[in-house]
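Asks: Sequence and predicted structure, then a few things I'm wondering about:
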Amino acid sequence: MKARRKKLKPWWRPAENRRELHGMPATLPAAIASRLNALAARVLAASWAEGLLWAVAALCGLAVGQGVLDWLFDLPFRVRLLFLAADLGVIGFLFFRFGVRPWGMRLTPEEAALRAERHWPGLNTGLISAVQLARRPDGSPVLVEALLAKMAERVSALDFRDVVPWRTLKNAAAAALLAAGVAAGLVTWLAPDSLVLIRRILLSNVPLPTQTVVVALSENFSIPAGQTIEISAKAAGLIPRSGRVEVTYEGKHPEIVSVSPKPSSPGVFSLQIANVQQPLTYRFYLNDGRGEEWTVALIHPPVLQEIAFDVTLPPYTGLPPSRLTPGNLNLLAGSKLTVTGKSSQPLMGARLVLSGPDRSIELKPRGDGRTAVTAQIDVPKEGLKGLWIELKNDRGILSQDNTVHAVEIVPDKPPEITPAVGQPERLTLISDRRPSLRFDVRDDFKVKDVFLCVQALNSLGEGEEPDPKKAKEIPIPVPRPAAGLTFNYEWKTPGESVDWSEGQSFACWIKAVDNNDVTGPGITYSSPQQWSVVSLQTKREELAEELRKHAEAIKDLSGAQEGVRNELGEILKQGGNQ
């Protein structure tokens with residue numbers, strides 16, 4: 001009877017199904033079962049041995065090929081990493097192809113019996129029939145047992161391992177032997193350089209085995225645009241007289257620049273590159289040594305994207321806070337200025353630099369704490385000439401070409417005193433008369449206090465000038481603080497403050513004080529006036545003298561008018577005669 005080969009089930013089937021496929025029938029004689037097991041094990045071992053041989057051949061071939069490429073082109077780390085990943089992929093494929101897959105598809109008793117019958121045609125179909133009858137007895141049990149015993153006797157002298165001869169592995173063995181021989185020969189011939197190549201295949205960063213080894217000194221680094229850089233490398237082993245550097249700017253072809261060793265350090269080669277405006281890569285070539293490719297990256301400095309100036313005026317002004325337009329700043333002395341800035345990059349720090357006082361203030365984080373900063377300063381009376389914000393990003397790079405905002409400090413003006421028209425600088429009074437003053441006081445904010453300052457002239461020493469700061473101050477009532485006030489003041493009780501008697505003379509001023517309680521107060525004195533206390537007779541004589549002067553002035557004016565009329569008449573007569 002001819003057995004039909006069952007369709008093989010996948011290796012990942014549940015364990016109970018695998019036992020059904022590969023387990024021997026319970027009634028199958030041991031002589032047959034042991035030989036079929038040996039055949040299945042031999043097939044699996046042959047597959048595993050073939051996979052191992054192909055893996056050896058692949059590893060040796062890949063190692064030789066990658067070593068040659070690395071020697072010729074000095075492969076960078078990322079390329080060697082890709083090669084190693086490909087190597088692992090090849091080994092993984094072979095492991096699955098010759099190991100995992102054959103294990104999941106190992107021979108069933110029927111398949112082992114069919115393979116044995118193909119090797120020994122004389123068995124006809126007896127072996128497969130015995131396996132099937134042992135699994136599913138059909139007919140007389142006596143006849144089945146007799147058939148199984150007869151087949152066990154026939155196969156007892158056969159070695160089923162011979163069904164799978166090892167010569168089937170000759171192709172894999174030849175490939176592995178050739179690849180291993182070539183690899184071993186190259187490793188021995190090129191040692192110790194070959195050992196370095198093997199280390200590089202395994203991703204070690206050791207340099208290529210050359211007479212001159214290039215040791216990087218500058219490596220990768222970052223700079224702000226426009227800086228001058230120095231790249232350098234050291235030659236180990238054979239030191240050449242000169243070398244070269246391959247410099248490649250982003251988007252451009254490589255440039256080769258010759259370099260010489262430093263006089264102070266014969267093994268160190270360096271190159272200066274001024275005003276770097278683009279990212280670049282560089283590689284040193286010294287004798288037969290090739291350095292790694294290194295990168296110079298550009299770090300753009302932080303830029304102040306936004307700036308705001310909020311000013312809080314002193315309370316005495318009565319004005320609300322306001323925001324100033326960025327630019328030149330006019331600031332009232334005593335105000336508080338809040339400066340807020342926002343950077344284009346995350347910040348490590350920032351400071352507000354003040355020109356004039358030549359000092360700086362650290363700005364505090366604001367909002368998200370990474371790009372926005374703020375600081376507050378008190379506007380001094382003088383000295384502050386300008387200010388700007390200096391930023392430092394999270395890489396420690398400072399901002400460039402910071403905008404300077406000029407500052408003009410606006411002082412609080414003191415009050416202005418304007419006497420009424422017609423008031424004389426010198427005034428004589430009899431003792432029972434009271435002096436009066438008419439004047440206006442103006443301030444840019446509010447007038448708070450007004451005083452009459454009086455100083456007796458006979459109290460001054462020889463050569464001493466009148467001084468309002470040493471005078472006696474008499475308060476003048478202020479109805480309410482205001483920016484403008486008009487006074488018509490009469491000093492009703494001079495005798496209570498000074499010796500208001502005949503013969504006394506006084507210098508007097510008006511003193512005005514504003515409400516500046518921050519940088520002030522602002523104080524102003526009017527021009528001095530002189531008051532003299534005289535007797536009634538002296539006052540009469542003074543008035544008579546003034547009347548006489550007025551009469552003379554009127555007479556002189558009348559004579560002048562008469563002369564003008566006469567001259568005008570003569571002119572008219574001469575015109576009529578013509």
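Replies: Perfect, I can see it now.

Asks: use CA for all of it now, contacts and neighbours both
Replies: Fine.

Asks: what helices or strands is the longest strand belonging to the chain leaning on?
Replies: Within the chain, and with DSSP state E defining each element, the longest strand by residue count is strand 436-456. If contacts are counted by 3 or more Cα pairs under 8 Å, 6 or more residues apart in numbering; DSSP states H and E, strand 436-456 sits against strand 416-419, strand 472-476, strand 482-490, strand 505-514.

Asks: From those, pick the one with the highest average neighbour count.
Replies: By mean neighbour count, with neighbours taken as mean count of other Cα atoms under 10 Å, strand 505-514 ranks first of the helices and strands packed on strand 436-456 at a mean of 24.

Asks: what's the burial count for the closest residue to Glu362 other than its chain neighbours?
Replies: In this structure, Glu362 finds its nearest non-sequential neighbour in Arg351, 4.3 Å apart by Cα to Cα, 6 or more residues apart in numbering. Arg351: 19 surrounding residues under other Cα atoms under 10 Å.

Asks: Arg351: what's it in contact with?
Replies: Residues in contact with Arg351, defined by Cα atoms under 8 Å, 6 or more residues apart in numbering, are 360-363, 389-391.

Asks: Output those residues in CSV; the columns should cover secondary structure and neighbour count.
Replies: Formatted as CSV, the contacts of Arg351 follow (DSSP: H, G, I helix; E, B strand; the rest coil; neighbours: other Cα atoms under 10 Å):
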residue, secondary structure, neighbour count
Ser360, strand, 16
Ile361, strand, 14
Glu362, strand, 15
Leu363, coil, 22
Ile389, strand, 25
Glu390, strand, 22
Leu391, strand, 31
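
Asks: Quickly list the domain ranges of the chain.
Replies: According to automatic domain parsing, the chain comprises the domains 15-186, 212-299, 304-410, 416-534.

Asks: what about the stretch 151-300 of the chain, any weak spots by pLDDT?
Replies: 165 (pLDDT under 70).

Asks: residue ranges of the strands in it, please?
Replies: 212-216, 221-224, 229-237, 243-249, 255-259, 268-273, 280-286, 289-290, 294-299 (DSSP state E, counting those that start in this stretch).

Asks: Any chance of those strands in CSV with mean neighbour count and distance to Glu425 as columns?
Replies: CSV is the format used below for the strands of the stretch 151-300 of the chain (neighbours: other Cα atoms under 10 Å; distance: least, Cα to Cα, whole Å):
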stretch, mean neighbour count, distance to Glu425
strand 212-216, 23, 91
strand 221-224, 16, 72
strand 229-237, 19, 78
strand 243-249, 19, 85
strand 255-259, 15, 90
strand 268-273, 18, 80
strand 280-286, 22, 84
strand 289-290, 22, 99
strand 294-299, 18, 74
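
Asks: With distance to His119 added, can I get the ones you listed in TSV?
Replies: What follows is those, written out as TSV (distance: least, Cα to Cα, whole Å):
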stretch	distance to His119
strand 212-216	63
strand 221-224	71
strand 229-237	66
strand 243-249	68
strand 255-259	71
strand 268-273	74
strand 280-286	66
strand 289-290	62
strand 294-299	65
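
Asks: So for Val163, which of those sits nearest?
Replies: strand 289-290 (57.3 Å; Cα to Cα).

Asks: That closest one packs against which elements?
Replies: Checking 3+ Cα pairs under 8 Å, 6+ apart, strand 289-290 ends up next to strand 212-216.

Asks: Can you list the neighbours in contact with the strand it packs on?
Replies: 207, 232-239, 284-292.

Asks: Partner strands of it, with direction?
Replies: strand 229-237 (antiparallel) (DSSP bridges).

Asks: in the stretch 351-500 of the chain, what spans have low per-residue confidence?
Replies: 367-369.

Asks: what about 80?
Replies: 366-370 (pLDDT under 80).

Asks: burial count for the spatially closest residue to Thr403 that is not a sequence neighbour?
Replies: Using Cα to Cα, 6+ apart and skipping the chain neighbours, the partner closest in space to Thr403 is Trp388 (6.1 Å). When neighbours are counted by other Cα under 10 Å, Trp388 registers 18.

Asks: pLDDT of the longest helix anywhere in the chain, averaged?
Replies: Looking across the chain with DSSP state H, the single longest helix is helix 30-73. The pLDDT scores in helix 30-73 average 87.

Asks: returning to that earlier point: quick one: closest of the strands of the stretch 151-300 of the chain to Val68.
Replies: strand 289-290 (15.4 Å).

Asks: where does Ser335 land on pLDDT?
Replies: On the pLDDT scale, Ser335 gets 94.

Asks: on that earlier part again, any chance of the domains of the chain in TSV with distance to His550 as columns?
Replies: What follows is those, written out as TSV (distance: least, Cα to Cα, whole Å):
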stretch	distance to His550
domain 15-186	114
domain 212-299	86
domain 304-410	50
domain 416-534	16
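
Asks: Tell me which of the ones you listed approaches Gly559 most closely.
Replies: Comparing the domains of the chain by Cα to Cα, domain 416-534 comes nearest, at 27.5 Å.

Asks: Endpoints of that closest one, how far apart?
Replies: Using Cα to Cα, to the nearest Å, one end of domain 416-534 lies 32 Å from the other.

Asks: centre of the chain versus it, how much separation?
Replies: From the chain centre to the centre of domain 416-534 is a distance of 64 Å (Cα atoms, centre = their mean, to the nearest Å).

Asks: Please apply the same query to stretch 44-56.
Replies: Worked out by Cα atoms, centre = their mean, stretch 44-56 lies 57 Å from the chain centre.

Asks: which other residues reach that stretch?
Replies: Stretch 44-56 has contacts (Cα under 8 Å, 6+ apart) with 91, 94-95, 97-99, 102-103, 106, 164, 166, 169, 172-173, 175-176, 179-180.

Asks: How about it, which residues are buried there?
Replies: Going by neighbour count (16 or more other Cα atoms under 10 Å), the buried part of stretch 44-56 is 44-56.

Asks: same thing with stretch 162-173?
Replies: Buried-residue list, stretch 162-173, by 16+ other Cα under 10 Å: 163-164, 169, 172-173.

Asks: Need these in TSV (columns: distance to Asp514).
Replies: Formatted as TSV, these follow (distance: Cα to Cα, whole Å):
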residue	distance to Asp514
Val163	122
Val164	119
Leu169	113
Ala172	109
Ala173	110
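
Asks: Go through those residues and say which is closest to Pro314.
Replies: Ala172 (95.7 Å).

Asks: and the closest one, how far is that from Pro121?
Replies: On the measure of Cα to Cα, Ala172 and Pro121 end up 29 Å apart.

Asks: do Arg480 as well
Replies: 135 Å.

Asks: Then Leu313?
Replies: 115 Å.
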